[in-house]
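A.B. asks: sequence below, structure please.
(one chain, ligands or ions: 2)
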Amino acid sequence: MAQASDQTLPKDTLYFPAKDREFLEPHLPQKDGLDSNKCFATLTFATSLDSQLALSPGAPTQLSGPQSKAMTHYLRFRHDAIMIGVGTAVADNPSLNCRLEGAGGYGGSDLIGQPRPVIIDPTARWDFSEKNKIFVLCREGRGKAPYIITGEQNPPAEQKKILEEHGGKFITLGIKTSDIGSHRLDWSELLQTLKAEGLDSVMIEGGGQVINSLLDPVFQPLIDSIIVTIAPTWLGQGGVVVSPSRQVDEHGKPRAAARLKEAKWYPFGEDVVLCGRVKL
Ligand SMILES: NC(=O)C1=CN([C@@H]2O[C@H](COP(=O)(O)OP(=O)(O)OC[C@H]3O[C@@H](n4cnc5c(N)ncnc54)[C@H](O)[C@@H]3O)[C@@H](O)[C@H]2O)C=CC1
Ligand SMILES: Nc1nc(O)c(N)c(N[C@@H]2O[C@H](COP(=O)(O)O)[C@@H](O)[C@H]2O)n1
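C.D. replies: Ligands and ions are numbered 1, 2, ... in the order given. Next up is the predicted model:
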């Protein structure tokens with residue numbers, strides 16, 4: 001709850017008590033345990049009981065309850081960057097800032113605790129209109145400008161100008177495009193590139209295509225931590241599903257695509273937060 005002295009804080013300020021932070025600590029990036037070559041990667045999202053992120057690709061869907069929502073903002077505080085796919089950027093017009101009391105713009109100085117938004121946008125199709133919340137918050141000193149991961153060698157000049165005026169930039173990587181137009185980046189290259197940009201840790205939020213591609217067995221070893229909020233809701237068929245490609249064993253029989261090890265379950269309000277690492 002807001003304190004009387006908090007009257008100068010923005011109305012959307014969130015609070016996450018110290019006692020709720022303890023269980024997360026073993027699952028968070030630690031300064032002394034970082035890889036010198038690649039950015040620490042936390043895969044974190046909120047899902048329904050039928051493994052869905054949203055009612056449809058274009059429908060922002062609140063799954064997290066108030067406590068797990070505040071937890072997500074604590075995760076934002078503890079990571080250098082926050083990543084989504086362009087599908088999510090277009091569908092949700094998200095803020096992607098940290099609205100916890102004490103973060104920059106929420107009682108903190110400068111941009112302390114504000115993660116760098118990173119958008120995967122292979123064809124540079126994301127439109128930065130006046131109403132794009134990330135840019136509004138950046139202008140207000142309540143969030144950072146985005147880095148956009150694209151496959152375009154020459155992103156549109158006007159977009160580049162706007163981005164750079166805000167302190168963001170395009171980063172061009174080699175992204176493969178299939179015959180049916182789906183894109184595939186090399187997650188290893190991406191995480192190394194972020195590290196070289198000075199970003200030691202990234203929380204990867206979604207959406208479905210991003211998560212399912214990162215859970216491909218080739219890329220699973222790159223995931224350092226997994227923190228999933230499970231909400232007591234079935235969204236029903238037709239939503240955005242987290243379900244990576246099925247794998248087969250050496251006899252050609254289907255086997256699980258991925259499994260957690262050292263899984264820990266923490267009841268959190270009406271939700272459960274599941275933490276662990278991928279079993280390799
Ligand atoms: N509940 C939650 O925690 C979250 C929910 N969402 C929801 O997810 C939905 C959007 O999910 P999707 O439609 O699956 O879109 P998405 O956010 O995964 O973006 C898909 C686009 O990102 C790019 N992309 C993704 N993976 C790529 C890869 N490996 N290589 C190259 N490019 C890649 C491609 O351009 C692709 O079309 C929205 O409704 C959003 O609300 C998104 C994040 C978190
Ligand atoms: N943790 C979590 N719980 C949910 O219920 C969600 N729908 C999401 N969505 C992700 O958060 C983004 C919105 O962030 P802002 O509040 O606008 O800063 C959204 O785009 C998804 O990435 N996450």
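A.B. asks: contact residues of this protein facing ligand 2?
C.D. replies: Residues of the chain lying close to ligand 2 (CB under 6 Å from any ligand atom) are 46, 61-64, 72, 84, 88, 92, 94-96, 205-206, 229. Every residue, glycine included, has its C-beta placed from N, CA and C.
A.B. asks: narrow those to just the buried residues.
C.D. replies: 46, 61, 63-64, 72, 84, 88, 92, 94-96, 205-206, 229 (16 or more other CB atoms under 10 Å).
A.B. asks: and the furthest pair within those residues?
C.D. replies: Ser95 and Thr229 (17.8 Å; CB to CB).
A.B. asks: need the helices for the stretch 101-250 of the chain, in chain order.
C.D. replies: 133-139, 157-166, 187-196, 208-214 (DSSP state H, counting those that start in this stretch).
A.B. asks: which ones among the residues of the chain next to ligand 2 are found in strands?
C.D. replies: Residues of these located in strands (DSSP state E): 46, 84, 205-206, 229.
A.B. asks: element containing the spatially most distant residue from the centre of the chain, please.
C.D. replies: Going by CA atoms, centre = their mean, the residue of the chain most distant from its centre is His251, 36.1 Å out. Assigned by DSSP states H and E, His251 falls within no helix or strand.
A.B. asks: just the pLDDT for it.
C.D. replies: Per-residue pLDDT puts His251 at 96.
A.B. asks: as a whole number, average confidence for stretch 43-63?
C.D. replies: Here the average pLDDT along stretch 43-63 is 97.
A.B. asks: what's next to it, contact-wise?
C.D. replies: 64, 68, 72, 75, 87, 91-92, 203-208, 211, 214-215, 223, 225-236, 238-243, 271 (CB atoms under 8 Å, 6 or more residues apart in numbering).
A.B. asks: does it reach ligand 1?
C.D. replies: Yes - using CB under 6 Å from any ligand atom, stretch 43-63 reaches ligand 1 at 45-46, 53-54, 57, 59-60, 63.
A.B. asks: from those, which land in helices?
C.D. replies: Assigned to helices by DSSP state H, none of those qualify.
A.B. asks: return a ChimeraX selection command for the buried portion of those residues.
C.D. replies: Isolation of the buried members of the residues of stretch 43-63 next to ligand 1 (16+ other CB under 10 Å) is achieved in ChimeraX through the command below:
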select :45,46,53,54,57,63
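A.B. asks: quick check, nearest of the residues of stretch 43-63 next to ligand 1 to Ser182?
C.D. replies: Once CB to CB is applied, the member of the residues of stretch 43-63 next to ligand 1 that ends up nearest Ser182 is Pro57, at 14.0 Å.
A.B. asks: nearest spatial neighbour of the closest one, skipping sequence neighbours?
C.D. replies: Sequence neighbours aside, Val240 is the residue nearest to Pro57 in space, at 5.5 Å (criterion: CB to CB, 6 or more residues apart in numbering).
A.B. asks: count of residues packed around Arg184?
C.D. replies: Look at Arg184: counted by other CB atoms under 10 Å, it has 13 neighbours.
A.B. asks: which non-adjacent residue is nearest it?
C.D. replies: Arg184 sits nearest to Lys176 (CB to CB, 6+ apart), 4.7 Å away.
A.B. asks: let me have the buried ones among the residues of the chain next to ligand 2 in a markdown table, extended by distance to Gly141.
C.D. replies: What follows is these, written out as a markdown table (distance: CB to CB, whole Å):
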| residue | distance to Gly141 |
| --- | --- |
| Ala46 | 28 |
| Thr61 | 29 |
| Leu63 | 29 |
| Ser64 | 26 |
| Thr72 | 21 |
| Ile84 | 22 |
| Thr88 | 24 |
| Asp92 | 22 |
| Pro94 | 18 |
| Ser95 | 13 |
| Leu96 | 15 |
| Glu205 | 23 |
| Gly206 | 27 |
| Thr229 | 29 |
